[in-house]
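In: Okay, structure incoming, though there's no sequence with it:
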């Protein structure tokens, strides 16, 4: 979205240059008819070069954002590789979907990967705690077995006699054992219990963090939506003011300086509108990130290297 912003910002600056060019041409024509002074031409000419400078600065910002974006995915450059530009195909939206906090929070608790990881870790810690607890207790095992014996003068005949069931035996019983290192096993059990409690605390902290992040992003979405509405109305009003001033100038009532000032205010209002729209779309992507839906919403399918 930063790249899209720089593209739209550059378009505004280029439009501003064209407005200054038309004003200069119109001023020269009015001077030829005796309706403008030489100072009016000088003012319009200075404004034109100032806007050209601003347009070049906007183009430099666009190239800088392009190069920053390339660093995210371009590997080692090749000597014969030609330069290229990134052209976004998506467009920014100017409306915010319904923000149901309860539903968004439920989705976040279900889909945030770090929360899922903690849940799996808790399961592992529960098994470790059960194992550590069992190690502190005596063991009573049921032992049973069976076998075949064979008697003969050599090994080969002995095996054959055994497989012919010459000597059949079996046994069964109980085996009791108790560790003498009870302090160490009890300490291991306490450590396992503390590790499990720590994971539960981490889970609670993460859920609280997600809740705060969600409240923040919802507030930003609503704020930037209102901001976009205000800047859009400001842009429309500035456009009408600049057009009215230009009409007055052609009628011989206004001045070139007044028109240039209103055109500048219109360009600034357009840039504020684009900035608000960009921030709104960034916040929308952040809401996907907070709720754990970023890959799903962006139609990204990760492929594991172990598959």
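Out: Arrived safely. In this text, all values refer to a predicted model and were calculated from it rather than measured experimentally. Residues are numbered from 1 along each chain as shown.
In: Strands of this protein, residue ranges please.
Out: With DSSP state E as the definition, the chain shows strands at residue ranges 139-149, 167-177.
In: how far out from the middle of the chain is the first one?
Out: When you say that, I think you mean strand 139-149. On the basis of CA atoms, centre = their mean, to the nearest Å, strand 139-149 sits 60 Å off its chain's mean C-alpha point.
In: Summarise which helices and strands the helix ranked longest in the chain is packed against.
Out: Longest helix in the chain by number of residues (criterion: DSSP state H): helix 182-250. Applying 3 or more CB pairs under 8 Å, 6 or more residues apart in numbering; DSSP states H and E, one finds that helix 182-250 contacts helix 2-32, helix 101-111, helix 113-135, helix 256-290. For the C-beta atoms, the positions are set from N, CA and C on the backbone; glycine is no exception.
In: Take the ones you listed and lay them out in TSV including distance to residue 47, mean neighbour count and mean pLDDT.
Out: Conversion of the helices and strands packed on helix 182-250 to TSV gives the following (distance: least, CB to CB, whole Å; neighbours: other CB atoms under 10 Å; pLDDT from 0 to 100):
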stretch	distance to residue 47	mean neighbour count	mean pLDDT
helix 2-32	5	18	87
helix 101-111	48	14	90
helix 113-135	54	14	90
helix 256-290	5	20	90
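In: so which of those gets nearest residue 229?
Out: Comparison of those against residue 229 by CB to CB identifies helix 256-290 as nearest, at 8.7 Å.
In: and the angle from that closest one to helix 2-32?
Out: With axes from the mean of the first three to the mean of the last three CA atoms, to 10 degrees as the basis, helix 256-290 and helix 2-32 are set at 170 degrees to each other.
In: List the contacts of residue 38.
Out: Applying CB atoms under 8 Å, 6 or more residues apart in numbering, we find residue 38 in contact with residue 31.
In: where's it relative to residue 131, distance?
Out: With the distance defined as CB to CB, to the nearest Å, residue 38 ends up 95 Å from residue 131.
In: Residue 4 versus residue 279, what's the distance?
Out: Residue 279 sits 12 Å away from residue 4, going by CB to CB.
In: what's the answer for residue 178, then?
Out: Remark: distance between residue 178 and residue 4 (CB to CB) = 72 Å.
In: Residue 28 now?
Out: If you measure residue 28 against residue 4 using CB to CB, the figure is 37 Å.
In: thinking again about what came up before, including distance to residue 45, could the helices and strands packed on helix 182-250 go into CSV?
Out: Conversion of those to CSV gives the following (distance: least, CB to CB, whole Å):
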stretch, distance to residue 45
helix 2-32, 6
helix 101-111, 55
helix 113-135, 59
helix 256-290, 10
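In: Out of those, which gets nearest to residue 87?
Out: Closest of the helices and strands packed on helix 182-250 to residue 87 is helix 2-32, at 8.5 Å (criterion: CB to CB).
In: what packs against the closest one?
Out: Under the contact criterion of 3+ CB pairs under 8 Å, 6+ apart, helix 2-32 touches helix 38-70, helix 182-250, helix 256-290.
In: for the ones you listed, which one sits closest to residue 86?
Out: The minimum distance between residue 86 and the helices and strands packed on helix 2-32 falls on helix 38-70, with 5.6 Å, by CB to CB.
In: Quick check: buried residues in that closest one?
Out: In terms of neighbour count (16 or more other CB atoms under 10 Å), helix 38-70 has its buried residues at 40-41, 43-45, 47-48, 51-52, 54-55, 58, 61-62, 65-66.
In: how big is the angle separating it from helix 256-290?
Out: Regarding helix 38-70 and helix 256-290, their directions subtend 10 degrees when assessed with the same axes, to 10 degrees.
In: just how off-centre is helix 38-70 within its chain?
Out: Mean C-alpha position of helix 38-70 versus that of the full chain (CA atoms, centre = their mean) differs by 32 Å.
In: and what of stretch 286-301?
Out: Taking the mean C-alpha point of stretch 286-301 and that of its whole chain, the gap between them comes to 7 Å (CA atoms, centre = their mean).
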